[in-house]
Every structure is written in structure tokens, then in C-alpha cells.
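Student: Any chance you could fold what I've pasted below:
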Amino acid sequence: MPYRRYLIDAHIPYQTDVPLSSICAMRCGGTAPLVAYPPDAATLAALLRAWDGDGIPYRVIGAMTNTLPPDGRLSYPLVSTCSMTHLTDHGSSVTAEAGVRLTMLAHRFMRMGRDVAAYLVTIPGTVGGAVRGNAGAFGHDMAEYVLTCEVYDPDTRATVLYSAADMAFSYRDSRLKHTRQILLSATLQARERDEAAMQEREAADRQWRREHQPTEPSLGSVFLRLPDGHSAAERIDAAGLKGLTFGGAAVSRRHAGFIINTGGASARDVRALIYYIQHRLAEQYGVHPSCEICILPKEESACHFPSNKNRG
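Tutor: Residues are numbered from 1 along each chain as shown. Okay, here's the model as predicted:
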């Protein structure tokens, strides 16, 4: 493993032969030959700069709450942001590294009577994934909070500071989905807001999720809103696909936008179900649902696509 040399020299923690089912929220997937855990944004940027200089392909992951790995053994290493949890409180804003969990971030400042992603407190992912996909819930999204983003650019091997306007946020989208750039940290607005009101809103949102969304392992909502304005869940339900199974993967009977692991699902089962749903909706309604989740490739050659849309 030539990519281990820099990790050892820089004293960056890593694990080898990591079962991806142990870290993916879907509880499926094969094995990563190596997962590196840089402790902070500067170390992440230095690591990626070194690997890019050596021509080493890699993928950066967060908590894998919306990332589907392949089965089998990956041919490239992964870099996890989960140890990058540093926060800097500026008063009217907060800078959070990419690995900070949204729930932890929101709760920490809710207790101070400040809204830092409080409307997104029920989203289980990290700041990095949430910014990249402009994650949203209950009518709110990350674009409402982001002031600036510190990003590493593999093409120039430089760190860039973007304004919120530079990030080109739109529905579940940002510039990071269309480039190979990787979020290091984000500075978010911190607004004064009543703690009790935020807690009441969170309780209501969590109650809605308990009543309407599955509790089995999943990656959350699989598909984006359809071009015809309907939600994918509505069309999947209308097509009679609720409960449809491929191996251990199934369309949730509670919410048709979720694919769940009913026990022993492989990544291949999940992908087969996704492709079948896409085919059926295209055939039945003339619409092709795009994935909201990220799908990791198995082979390193797939890491060099210019758009790199599957990074997650």
C-alpha cells in the first residue's frame, strides 16, 4: 500500500481491511483496504495534497448516512472526516469542520439560545455531507445557514474560500456535486432564538419522523424530487412498489422513498432495487428519478471522472 507512507510519516491514524457494513448506515457493503482519519481540516488538506501529488485515487467520506458502498473489496483508500470535529465560536457565526455531526452542532448551540442549523437537527449526517448536498428537512436547508466554505481543490491542490453565493446552492445541490472539490469546514450563521421554541420544534419533527419514516437501516430518502413536481415516494407508491424486495433490500411500506435493509441485504440488492424503480417510473410516468444518495464505485478508475458526482 504505497499510500500508507504519508500516513505513517504524518502520524495520521488509519485502519486497514475495514468492513464498510460497520460504518454505513445501510449496514451493507464490502471492504475498504484502508480508511484514514485525519484529525483536523489542515491535516486533511495536506493528506489529499500529498496523495494527489502522487496520483493516488481516493474517496472522502463522512458518516456514510447517505452513501452506498459497493460489495467486494475497494481498489482505493477512503478518507473519513469523522475525527474532524473542531468548532470555533465567533459569536454571530460558528466555523465547523466537515466531520461535525449536525445533531451535535445544533444541540450544543440550542442550549445557548442560538440557532446554528437548529432546523436541521434531525438530519443524522455531517456538516460536510450536508453542505455538499444542501441537505434539508421540513422546509429548511443548509443554504439558509452557510456564510463561507473552506474547500480543497484537487485540480490545483490549493485551499479555496468560497462565499455562500459561490457555492451555487439549489435544491439538494451545490458546486461540490459538480466538481472534485472537498469541504474542509463551513462557517454558519448563529442566530439568537428561544431555546424552548427550538426544543419544541425538534420534538415535533422527531415525532413526525417516528410516525412516517422507517426505523430499519436505510440511507434516508433515496431519490430527489421528480422533474414533474411529484415526490418520488408518491410515484413509487402509486406504481404499487411499496414492499417490493430484492434480496434483503425492500421499499419501505411506511415511506416509499426509503429503501431498507430487512436483514442481510447486499449493496447489489440495494442497487438492483434502485435501478428497477428508475425503470418502472420511466416506463409508467415518463420520469427518471435521480438519486439523492451517493454511490461509491468499486474500481479506482471510476475515481477520475471529472464531475465525480458520486463522492459522499
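
Student: When you work out contacts or count neighbours from here on, use the C-alpha atoms and nothing else.
Tutor: Noted.

Student: Which helix or strand contains residue 275?
Tutor: Using DSSP states H and E, residue 275 falls within helix 267-285.

Student: got a list of contacts for that helix?
Tutor: For helix 267-285, contacts defined as CA atoms under 8 Å, 6 or more residues apart in numbering pick out 28-29, 68-71, 235-236, 239, 241, 245-250, 259, 287-289.

Student: quick one: average pLDDT of that helix?
Tutor: Taken as a whole, helix 267-285 has a mean pLDDT of 97.

Student: what's the answer for stretch 202-217, then?
Tutor: So the average pLDDT for stretch 202-217 ends up being 98.

Student: how about that stretch as PDB, C-alpha atoms only?
Tutor: Taking Å, rounded to 0.1, in the frame of the first residue of the first chain, the C-alpha atoms of stretch 202-217 are listed here in PDB:
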ATOM      1  CA  GLU A 202     -37.300  19.400  17.300                       C
ATOM      2  CA  ALA A 203     -39.700  17.300  19.300                       C
ATOM      3  CA  ALA A 204     -42.500  17.800  16.700                       C
ATOM      4  CA  ASP A 205     -40.100  17.000  13.900                       C
ATOM      5  CA  ARG A 206     -38.800  13.800  15.600                       C
ATOM      6  CA  GLN A 207     -42.400  12.700  16.300                       C
ATOM      7  CA  TRP A 208     -43.300  13.100  12.600                       C
ATOM      8  CA  ARG A 209     -40.300  11.000  11.600                       C
ATOM      9  CA  ARG A 210     -41.200   8.300  14.000                       C
ATOM     10  CA  GLU A 211     -44.700   8.200  12.600                       C
ATOM     11  CA  HIS A 212     -43.900   8.400   8.900                       C
ATOM     12  CA  GLN A 213     -40.400   7.000   8.300                       C
ATOM     13  CA  PRO A 214     -38.900   3.500   8.800                       C
ATOM     14  CA  THR A 215     -36.700   2.600  11.700                       C
ATOM     15  CA  GLU A 216     -34.800  -0.200   9.800                       C
ATOM     16  CA  PRO A 217     -31.300   0.500   8.500                       C
END
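
Student: Identify each buried residue in it, please.
Tutor: Across stretch 202-217, burial judged by 16 or more other CA atoms under 10 Å covers 202, 205, 213-214, 216-217.

Student: Could you do stretch 153-172 as well?
Tutor: Buried positions in stretch 153-172, judged by neighbour count with 16+ other CA under 10 Å: 153-154, 157, 159, 164, 167, 169, 172.

Student: and the helix holding residue 275, which residues are buried?
Tutor: Residues of helix 267-285 classed as buried by neighbour count (16+ other CA under 10 Å): 267-274, 277-281.

Student: any low-confidence regions in the chain?
Tutor: Applying pLDDT under 70 to the chain flags the ranges 301-312.

Student: what ranges do the helices span in it?
Tutor: Here the chain has its helices, by DSSP state H, at 4-9, 41-53, 102-110, 127-132, 195-212, 232-238, 267-285.

Student: Tell me which of the ones you listed sits nearest to residue 186.
Tutor: Closest of the helices of the chain to residue 186 is helix 127-132, at 7.6 Å (criterion: CA to CA).

Student: who's in contact with the closest one?
Tutor: Residues outside helix 127-132 that contact it (CA under 8 Å, 6+ apart) are 62, 96-102, 135-136, 142-143, 173-177, 183-186, 312.

Student: 7 Å instead, please
Tutor: Under the contact criterion CA atoms under 7 Å, 6 or more residues apart in numbering, helix 127-132 has outside partners 62, 98-102, 142, 173-174, 176-177, 183, 312.

Student: between those, which has the most around it?
Tutor: Taking other CA atoms under 10 Å as the neighbour criterion, residue 98 ranks highest of those with 31 neighbours.

Student: and that one, what does it touch?
Tutor: Residue 98 makes contacts with 81, 84, 126-128, 183-185, as judged by CA under 7 Å, 6+ apart.

Student: Nearest to residue 149 among those residues?
Tutor: When these are compared for distance to residue 149 (CA to CA), residue 185 wins out at 6.0 Å.

Student: The closest one: neighbouring residues, count only.
Tutor: 28.

Student: Contact partners for it?
Tutor: Neighbours of residue 185 in contact, by CA under 7 Å, 6+ apart: 41, 95-98, 149-150.
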